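Trainee: this one's sequence-less:
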């Protein structure tokens, strides 16, 4: 499809969505930051002549999965300049914490004028797109500038496959502009090929998400949170993470019914989106639970902190970037986005810590991981919300079953490590050669 036709299609969609976007911007501040970068490609202009790799991550999940790749590439190619873009405000917030020293900016919308300007200002030698960011105008502009293009940790859910398959000729053209697709599984690889990717450009590397997964509960961040929340050894901790509406209600209703027989059960709620933190706090207090908000606690526990403040039953984590450490507190983990129509959220992190992992039926975005975890006896999938209460009662009454589930999950995660190293090797092959002096120092 010619760029001007895509521009026209995007403009129609943007105009149709304008009332909603304006409403959200006014209510929550979303979509207001980085408008010059998004609409006109006015990203920071790069002045150096060093080789440049442009990584793009849509939001928090993609930012986190890029961390081990960027770290390895920086270690191996100190001569290269690395920049990173993201789409969402929350993704940018986490990127600022994770990638100190890198140039960060918002990804341009896929209008031809925006992407051409952004590419001209960054002058990348290699563009690396996380998971499934197939924007035709952007990829075309990158290739026309002389950059090579890679997709890393690629995945293609059945839902995405159906959508891309309908685009037919457009997708076949896009795939001709992509040099390599490093994908997570054989099933994903086959779907990419079926929608037009050349088979010789598709490489199965495994999922990078496993490489960045912490498996030791005694890590410093998790220990600090356990002290901050005043968790005690005889308490069973239930973490409900990455939740969406109405999952907090489902969890709180189950928690209310569990407390009489399990008074030492502690609940930690971590909503997926920061825009809902206040609403979830109200939901907790309206149900007459006492509430601790993570944002109102000190960074470190003060000596002799008042027990009355910290020993409350429901902890709301209303901060960003801490869920990976919070999962390490969980004896039992409910992974959200699975009773809501979102396709699920990442269940690998609680599995890595050896928690007993539960999730609902809607996990199509992670179906391969779900299938493998269930096959190993490392997770429990619930068909309906009422099943959550019954399964929680079972796990709380049977510590041995909790331990078995967690051990199977952790063992599976540890077996998957290695995708980041394979991915970086593929990226290095598509980067400009090191300068001669850099090669000599590397050899020395």
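Mentor: Happy to help now that I have it. Not measured: the values here are computed from a predicted model.
Trainee: Only the buried residues of the helix or strand hosting residue 95, if you could.
Mentor: Element membership of residue 95 [criterion: DSSP states H and E] is helix 89-98. Buried residues in helix 89-98, counted by 16 or more other Cβ atoms under 10 Å: 89-95, 98. Any C-beta I mention is one placed from the backbone N, CA and C, and that applies to glycine too.
Trainee: Residue 94 contacts residue 63, correct?
Mentor: Yes: when contacts are counted by Cβ atoms under 8 Å, residue 94 is listed as touching residue 63 (5.0 Å).
Trainee: Between the two, which contacts overlap?
Mentor: Common neighbours of residue 94 and residue 63, using Cβ atoms under 8 Å, 6 or more residues apart in numbering, do not exist here.
Trainee: which outside residues touch stretch 384-404?
Mentor: By Cβ under 8 Å, 6+ apart, stretch 384-404 touches 236, 238, 250-251, 253-254, 257-258, 261-262, 265, 331-332, 334, 339, 356, 358, 360-361, 377, 380, 382, 405.
Trainee: In strands only, show me these.
Mentor: Here DSSP state E is the test, and these give 236, 238, 265, 332, 334, 356, 358, 380 as lying in strands.
Trainee: What's the local residue count around residue 157?
Mentor: Other residues near residue 157 come to 19 when the count uses other Cβ atoms under 10 Å.
Trainee: And it, how close does it get to residue 368?
Mentor: Distance from residue 157 to residue 368, counting by Cβ to Cβ, to the nearest Å: 9 Å.
Trainee: cool, residue 35 as well?
Mentor: For residue 35, the distance to residue 368 (Cβ to Cβ) stands at 37 Å.
Trainee: Next: residue 16.
Mentor: Per Cβ to Cβ, residue 16 is found 34 Å from residue 368.
Trainee: Settle it for me: which of these two has more neighbours?
Mentor: Counted by other Cβ under 10 Å, residue 16 and residue 368 do not tie: residue 368 has more neighbours, with 16 against 9.
Trainee: Are we agreed that residue 118 is in a strand?
Mentor: No: using DSSP: H, G, I helix; E, B strand; the rest coil, the secondary structure at residue 118 is helix, not a strand.
Trainee: Is it in contact with residue 37, as I believe?
Mentor: Yes: between residue 118 and residue 37 a contact is recorded at 7.4 Å, counting by Cβ under 8 Å.
Trainee: how about the strands in this structure?
Mentor: Listed in chain order, the strands of the chain (DSSP E) span residues 52-57, 81-86, 103-106, 126-130, 148-154, 180-183, 202-204, 236-243, 265-271, 291-293, 314-316, 332-335, 356-359, 380-381.
Trainee: Same list (those) but as a markdown table, adding distance to residue 195 and mean pLDDT.
Mentor: Output for the strands of the chain, formatted as a markdown table (distance: least, Cβ to Cβ, whole Å; pLDDT from 0 to 100):
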| stretch | distance to residue 195 | mean pLDDT |
| --- | --- | --- |
| strand 52-57 | 20 | 98 |
| strand 81-86 | 25 | 98 |
| strand 103-106 | 28 | 98 |
| strand 126-130 | 16 | 98 |
| strand 148-154 | 12 | 97 |
| strand 180-183 | 11 | 97 |
| strand 202-204 | 11 | 97 |
| strand 236-243 | 28 | 97 |
| strand 265-271 | 34 | 97 |
| strand 291-293 | 45 | 93 |
| strand 314-316 | 41 | 96 |
| strand 332-335 | 28 | 98 |
| strand 356-359 | 28 | 98 |
| strand 380-381 | 28 | 97 |
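Trainee: Residue 62: what's it in contact with?
Mentor: Applying Cβ under 8 Å, 6+ apart, we find residue 62 in contact with 86, 91, 130-131.
Trainee: so which of these comes closest to residue 221?
Mentor: Minimum distance to residue 221 across the contacts of residue 62 is 19.9 Å, recorded for residue 91 (Cβ to Cβ).
Trainee: List phi and psi for the nearest residue to the closest one once chain neighbours are set aside.
Mentor: Distance criterion Cβ to Cβ, 6 or more residues apart in numbering; nearest residue to residue 91, sequence neighbours excluded, is residue 59 at 4.1 Å. Dihedral pair for residue 59: phi -140, psi -160, per degrees, to the nearest 10.
Trainee: Then residue 110?
Mentor: Residue torsions, per degrees, to the nearest 10, at residue 110 are phi -80, psi 40.
Trainee: what number of residues lie near the closest residue to it other than its chain neighbours?
Mentor: Nearest residue to residue 110, sequence neighbours excluded (Cβ to Cβ, 6+ apart): residue 135, at 4.2 Å. Using other Cβ under 10 Å, residue 135 has 19 other residues around it.
Trainee: Lowest mean pLDDT among the helices and strands of the chain, which one is it?
Mentor: One helix or strand of the chain scores below all others by mean pLDDT, DSSP states H and E: helix 307-310, with a mean of 37.
Trainee: quick one, the helix holding residue 95 and strand 81-86 angle?
Mentor: 150 degrees (axes from the mean of the first three to the mean of the last three Cα atoms, to 10 degrees).
Trainee: who's in contact with residue 176?
Mentor: Residues near residue 176 by Cβ under 8 Å, 6+ apart: residue 198.
Trainee: before we move on, what about the one 4 residues further on?
Mentor: Listed by Cβ under 8 Å, 6+ apart, the contact set of residue 180 reads 150-151, 201, 203, 426, 430.
Trainee: Report the contact partners of the closest residue to it other than its chain neighbours.
Mentor: Closest residue to residue 180 in three dimensions, ignoring its sequence neighbours and counting by Cβ to Cβ, 6+ apart: residue 150, at 4.9 Å. Taking Cβ under 8 Å, 6+ apart as the contact definition, residue 150 lies against 126-129, 178-182, 426-427, 430.
Trainee: Recalculate using a threshold of 10 Å.
Mentor: By Cβ atoms under 10 Å, 6 or more residues apart in numbering, the residues touching residue 150 are 53, 55, 126-129, 178-182, 201, 203, 423, 426-427, 429-431.
Trainee: Report the buried members of these.
Mentor: 53, 55, 126-129, 178-182, 201, 203, 423, 426-427, 430-431.
Trainee: what about residue 146, distance to residue 130?
Mentor: 22 Å.
Trainee: quick one, which of the two is more surrounded?
Mentor: Just comparing residue 146 and residue 130: by other Cβ under 10 Å the higher neighbour count belongs to residue 130, 25 against 10.
Trainee: so the more buried one makes contact with residue 55?
Mentor: Yes: between residue 130 and residue 55 there is a contact under Cβ atoms under 10 Å: 7.2 Å.
Trainee: tell me, what's touching these two both at once?
Mentor: In contact with both residue 130 and residue 55: 62-63, 66, 69, 84, 86, 152, using Cβ under 10 Å, 6+ apart.
Trainee: can you list the weak-confidence ranges in this structure?
Mentor: Low-confidence segments of the chain (pLDDT under 70): 1, 23-31, 299-312, 436-444.
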